[in-house]
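> Predicted model follows, preceded by the sequence.
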Amino acid sequence: MQARDIKIYSKIQKNLHSWLVYYFVFICIILSVGSVILGSFSEFSVYHKLLNKVTYFTSLIFFLEYLLRLYSAPAEYPHLKQLKARMKYIFSFYGLVDFVAMLPFVLTYLYWNTNHIHLIILPYIFIVFKLIRYSRSFQLISYVLKAIKTELLVAYTACGILICFSAIMMYYVEREAQPEAFQNIGDGFWWATVTFTTVGYGDIYPITPMGRLLGGIISMIGIAMIAVPTGIISSAFIRVMQEKSEKGRK
């Protein structure tokens with residue numbers, strides 16, 4: 001890679017991260033998400049053309065941003081060759097999100113007035129994830145979750161094992177008493193999930209004495225198990241905020 005190309009790529013990357021572009025794209029994300037949400041309300045049907053124009057304009061901005069990020073990808077991955085750096089960006093998480101965000105601009109003239117428009121709008125909701133790149137709060141959340149990913153994996157693995165065990169047990173205990181509610185183990189999984197998360201919709205519940213006893217035990221275990229990942233995340237947030245405060249004082 002020539003030094004001249006590296007300088008150009010780096011300059012584009014720097015401009016993309018400037019505060020003016022940062023806030024402009026952030027506002028475009030908010031507008032695009034808002035237009036999609038408001039477009040689902042019948043009360044705003046008279047503004048559909050305006051909302052469509054907002055969606056088209058913001059996706060145009062995202063299209064230009066995607067091209068610039070694709071072109072300047074070698075500056076973000078300087079250890080890779082130009083082609084590999086661009087392919088790495090294309091198939092990265094942010095690269096896929098940026099690609100989805102520009103779909104309305106690219107496909108508007110082909111499918112906007114057809115029955116395939118929902119195929120464009122449906123993946124377009126994933127532009128919400130663009131906020132992760134432009135929001136410091138989301139970046140902090142992402143940093144915290146990455147720091148404790150091992151602990152969370154252990155906690156959620158334990159939760160998954162207990163849910164699986166509870167679903168199978170409840171199915172075999174309740175299937176004869178209420179075959180319509182517990183038709184298969186999948187229904188048991190639904191009951192175990194809403195019980196573990198203390199939601200308790202009430203659409204499926206045990207009626208036999210053994211089932212109620214098992215349900216009570218599982219509910220108590222579920223409260224304790226849900227508290228484990230919550231405590232892990234809370235302690236990680238406190239630790240990160242303390243580290244930031246210490247750095248600020250220094």
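That came in fine, so what should we check first? Predicted, not measured: the structure shown is a model, and the values here were computed from it.
> burial measure for the nearest residue to G39 once chain neighbours are set aside, as a count.
Spatially, and ignoring its direct neighbours in sequence, G39 is nearest to L51 (4.8 Å; CB to CB, 6 or more residues apart in numbering). Where you see a C-beta, it was placed from the backbone N, CA and C, and this is true even at glycine. L51: 21 surrounding residues under other CB atoms under 10 Å.
> Please enumerate the helices of this protein.
According to DSSP state H, the chain carries its helices in the segments 3-16, 19-38, 48-71, 73-76, 82-90, 93-101, 103-111, 117-124, 130-134, 136-147, 149-174, 185-196, 209-249.
> Please tabulate the ones you listed in JSON lines and include mean pLDDT as additional columns.
Shown next, in JSON lines, are the helices of the chain (pLDDT from 0 to 100):
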{"stretch": "helix 3-16", "mean pLDDT": "66"}
{"stretch": "helix 19-38", "mean pLDDT": "83"}
{"stretch": "helix 48-71", "mean pLDDT": "85"}
{"stretch": "helix 73-76", "mean pLDDT": "83"}
{"stretch": "helix 82-90", "mean pLDDT": "88"}
{"stretch": "helix 93-101", "mean pLDDT": "84"}
{"stretch": "helix 103-111", "mean pLDDT": "65"}
{"stretch": "helix 117-124", "mean pLDDT": "60"}
{"stretch": "helix 130-134", "mean pLDDT": "75"}
{"stretch": "helix 136-147", "mean pLDDT": "79"}
{"stretch": "helix 149-174", "mean pLDDT": "88"}
{"stretch": "helix 185-196", "mean pLDDT": "88"}
{"stretch": "helix 209-249", "mean pLDDT": "83"}
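> Point out the most buried one among these.
helix 73-76 (a mean of 22; mean count of other CB atoms under 10 Å).
> same for that helix, what does it pack against?
helix 3-16, helix 82-90 (3 or more CB pairs under 8 Å, 6 or more residues apart in numbering; DSSP states H and E).
> Enumerate every residue touching Y66.
Contact analysis of Y66 by CB atoms under 8 Å, 6 or more residues apart in numbering lists 98-99, 101-102.
> Looking at the helices of the chain, which is nearest to D203?
helix 185-196 (8.3 Å; CB to CB).
> how much does the closest one deviate in direction from helix 209-249?
Put simply, helix 185-196 runs at 50 degrees to helix 209-249, going by axes from the mean of the first three to the mean of the last three CA atoms, to 10 degrees.
> Not counting sequence-adjacent ones, nearest residue to the residue nearest the centre of the chain?
Using CA atoms, centre = their mean, the residue of the chain that lies closest to the mean C-alpha position is F129, 5.9 Å off. Of all residues not flanking F129 in the chain, V97 sits nearest, at 4.8 Å (CB to CB, 6+ apart).
> Let me know the distance separating that neighbour from Y89.
Distance from V97 to Y89, counting by CB to CB, to the nearest Å: 11 Å.
> and what of R212?
55 Å.
> what's the answer for A147, then?
25 Å.
> In contact with H48, which residues are there?
H48 touches G39, counting by CB under 8 Å, 6+ apart.
> How about V128?
29, 33.
> who touches the nearest residue to I168 once chain neighbours are set aside in this structure?
In this structure, I168 finds its nearest non-sequential neighbour in I185, 5.9 Å apart by CB to CB, 6+ apart. Contacts for I185 (CB under 8 Å, 6+ apart) come out as 167-168, 171.
> Columns distance to P74 on top of the residues you listed, output as a markdown table?
As requested, the contacts of I185 are exported to a markdown table (distance: CB to CB, whole Å):
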| residue | distance to P74 |
| --- | --- |
| A167 | 50 |
| I168 | 52 |
| Y171 | 55 |
